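>>> Requesting a structural model of the entry that follows:
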Amino acid sequence: MLAENRKARHDYFVLETLECGIALTGTEVKSVRSARVSLSGAYAAVLKGELWLVGADIATYEFGNRFNHNPKRDRKLLVHSKEVRELKMKTEAKGLTLVPLKLYLKGGRIKLELGVCRGKALHDKRETLKKKDMMREMAARS
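Here you go, the predicted structure:
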(Lines give C-alpha, C1' and ligand atoms only; values in the text may rest on other atoms or scores of the structure.)
Protein backbone atom coordinates (compact mmCIF):
# COMPACT_ATOMS: atom_id res chain seq x y z
CA MET A 1 0.00 0.00 0.00
CA LEU A 2 1.47 3.34 -1.06
CA ALA A 3 -1.25 5.75 0.09
CA GLU A 4 -4.67 5.56 1.70
CA ASN A 5 -7.48 8.08 2.03
CA ARG A 6 -8.52 7.35 5.64
CA LYS A 7 -10.91 10.26 5.84
CA ALA A 8 -12.98 8.89 2.94
CA ARG A 9 -14.52 6.07 4.99
CA HIS A 10 -15.32 8.58 7.75
CA ASP A 11 -17.02 11.07 5.42
CA TYR A 12 -18.71 8.69 2.96
CA PHE A 13 -20.63 5.43 2.70
CA VAL A 14 -18.68 3.34 0.17
CA LEU A 15 -21.27 1.57 -1.97
CA GLU A 16 -18.91 -0.17 -4.40
CA THR A 17 -15.25 -0.12 -5.40
CA LEU A 18 -13.42 -0.21 -8.70
CA GLU A 19 -9.76 -0.89 -9.43
CA CYS A 20 -8.24 1.28 -12.14
CA GLY A 21 -4.85 2.14 -13.54
CA ILE A 22 -3.42 5.63 -13.48
CA ALA A 23 -1.37 7.40 -16.17
CA LEU A 24 1.77 8.85 -14.56
CA THR A 25 4.99 10.43 -15.80
CA GLY A 26 8.43 9.08 -14.82
CA THR A 27 9.08 11.40 -11.90
CA GLU A 28 5.54 10.82 -10.59
CA VAL A 29 6.14 7.07 -10.53
CA LYS A 30 9.32 7.55 -8.51
CA SER A 31 7.54 9.81 -6.00
CA VAL A 32 4.62 7.38 -5.68
CA ARG A 33 6.95 4.43 -5.11
CA SER A 34 8.58 6.37 -2.27
CA ALA A 35 5.04 6.94 -0.83
CA ARG A 36 5.05 10.73 -1.21
CA VAL A 37 1.35 10.92 -2.12
CA SER A 38 -1.71 12.51 -0.54
CA LEU A 39 -5.23 11.48 -1.59
CA SER A 40 -7.05 13.68 0.93
CA GLY A 41 -9.41 16.08 -0.80
CA ALA A 42 -9.07 14.26 -4.12
CA TYR A 43 -11.95 13.02 -6.23
CA ALA A 44 -12.55 11.50 -9.66
CA ALA A 45 -14.66 13.07 -12.39
CA VAL A 46 -15.81 12.16 -15.87
CA LEU A 47 -14.61 14.90 -18.24
CA LYS A 48 -15.12 14.65 -22.03
CA GLY A 49 -15.83 10.92 -21.83
CA GLU A 50 -12.71 10.09 -19.79
CA LEU A 51 -12.16 9.48 -16.08
CA TRP A 52 -9.76 11.89 -14.33
CA LEU A 53 -8.28 12.06 -10.84
CA VAL A 54 -8.52 15.66 -9.59
CA GLY A 55 -6.82 17.16 -6.55
CA ALA A 56 -4.41 14.35 -5.66
CA ASP A 57 -1.01 15.61 -4.53
CA ILE A 58 2.07 13.71 -5.70
CA ALA A 59 5.15 15.48 -4.35
CA THR A 60 7.87 16.51 -6.77
CA TYR A 61 10.75 14.07 -7.13
CA GLU A 62 13.83 15.52 -5.43
CA PHE A 63 16.22 14.38 -8.21
CA GLY A 64 13.86 15.28 -11.06
CA ASN A 65 15.60 18.52 -12.16
CA ARG A 66 13.84 20.23 -15.10
CA PHE A 67 11.78 17.13 -15.98
CA ASN A 68 9.80 17.31 -12.73
CA HIS A 69 6.00 17.27 -12.76
CA ASN A 70 3.31 19.60 -11.42
CA PRO A 71 2.26 18.09 -8.03
CA LYS A 72 -1.45 19.00 -8.32
CA ARG A 73 -2.10 18.21 -11.99
CA ASP A 74 -5.11 16.15 -13.07
CA ARG A 75 -4.25 12.54 -13.91
CA LYS A 76 -6.08 10.24 -16.30
CA LEU A 77 -7.51 7.04 -14.84
CA LEU A 78 -7.42 3.95 -17.05
CA VAL A 79 -10.75 2.12 -17.19
CA HIS A 80 -12.92 0.66 -19.93
CA SER A 81 -15.27 3.07 -21.72
CA LYS A 82 -18.28 1.02 -20.60
CA GLU A 83 -17.26 1.55 -16.96
CA VAL A 84 -16.84 5.30 -17.60
CA ARG A 85 -20.38 5.51 -18.97
CA GLU A 86 -21.77 3.59 -15.96
CA LEU A 87 -19.91 5.82 -13.49
CA LYS A 88 -21.08 8.96 -15.26
CA MET A 89 -24.72 7.81 -15.06
CA LYS A 90 -24.38 6.98 -11.35
CA THR A 91 -22.79 10.28 -10.41
CA GLU A 92 -25.27 12.39 -12.39
CA ALA A 93 -28.50 10.60 -11.51
CA LYS A 94 -28.06 9.44 -7.92
CA GLY A 95 -25.85 12.20 -6.51
CA LEU A 96 -22.95 9.86 -5.80
CA THR A 97 -19.28 10.84 -5.70
CA LEU A 98 -16.16 9.05 -6.94
CA VAL A 99 -13.55 9.09 -4.17
CA PRO A 100 -10.03 7.56 -4.34
CA LEU A 101 -9.58 5.13 -1.44
CA LYS A 102 -6.14 3.52 -1.89
CA LEU A 103 -3.08 3.70 -4.11
CA TYR A 104 -1.07 0.49 -4.27
CA LEU A 105 1.26 -1.69 -6.34
CA LYS A 106 -0.06 -4.76 -8.13
CA GLY A 107 2.26 -6.75 -10.34
CA GLY A 108 4.69 -3.85 -10.64
CA ARG A 109 1.97 -1.43 -11.74
CA ILE A 110 0.42 1.38 -9.74
CA LYS A 111 -3.31 0.91 -9.19
CA LEU A 112 -5.97 3.13 -7.63
CA GLU A 113 -9.00 1.84 -5.75
CA LEU A 114 -11.89 4.13 -6.55
CA GLY A 115 -15.04 4.15 -4.43
CA VAL A 116 -18.55 5.05 -5.53
CA CYS A 117 -19.68 6.88 -2.40
CA ARG A 118 -22.62 8.68 -0.84
CA GLY A 119 -21.92 11.43 1.70
CA LYS A 120 -22.62 10.86 5.39
CA ALA A 121 -24.67 13.23 7.50
CA LEU A 122 -23.26 14.45 10.81
CA HIS A 123 -25.34 12.01 12.87
CA ASP A 124 -24.07 9.11 10.70
CA LYS A 125 -20.47 10.12 11.39
CA ARG A 126 -21.15 10.23 15.15
CA GLU A 127 -22.82 6.81 15.00
CA THR A 128 -19.81 5.34 13.20
CA LEU A 129 -17.45 6.76 15.84
CA LYS A 130 -19.59 5.30 18.65
CA LYS A 131 -19.48 1.85 17.02
CA LYS A 132 -15.68 2.08 16.68
CA ASP A 133 -15.32 3.05 20.35
CA MET A 134 -17.55 0.18 21.46
CA MET A 135 -15.58 -2.34 19.38
CA ARG A 136 -12.31 -1.00 20.80
CA GLU A 137 -13.60 -1.35 24.38
CA MET A 138 -14.83 -4.89 23.77
CA ALA A 139 -11.45 -5.86 22.29
CA ALA A 140 -9.64 -4.36 25.28
CA ARG A 141 -11.76 -6.32 27.77
CA SER A 142 -11.13 -9.69 26.17
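>>> Number of residues surrounding Ala35?
11 (other C-beta atoms under 10 Å). No exception for glycine: its C-beta is placed from N, CA and C like everyone else's.
>>> Name the nearest residue to it, sequence neighbours excluded.
Spatial nearest neighbour of Ala35, excluding adjacent residues (C-beta to C-beta, 6 or more residues apart in numbering): Leu2 at 5.1 Å.
>>> Quick check, that neighbour in contact with Lys30.
No. With contact defined as C-beta atoms under 8 Å, Leu2 does not reach Lys30; the gap is 11.9 Å.
>>> For the host helix or strand of Pro100, name the packing helices and strands.
Assigned by DSSP states H and E, Pro100 falls within strand 97-106. Where contact means 3 or more C-beta pairs under 8 Å, 6 or more residues apart in numbering; DSSP states H and E, strand 97-106 is packed against strand 3-4, helix 6-11, strand 12-22, strand 43-47, helix 81-93, strand 109-119.
>>> could these go into CSV alongside mean neighbour count, mean pLDDT and distance to Lys72?
Shown next, in CSV, are the helices and strands packed on strand 97-106 (neighbours: other C-beta atoms under 10 Å; pLDDT from 0 to 100; distance: least, C-beta to C-beta, whole Å):
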stretch, mean neighbour count, mean pLDDT, distance to Lys72
strand 3-4, 20, 90, 15
helix 6-11, 14, 88, 18
strand 12-22, 15, 93, 15
strand 43-47, 19, 93, 13
helix 81-93, 14, 92, 22
strand 109-119, 19, 93, 16
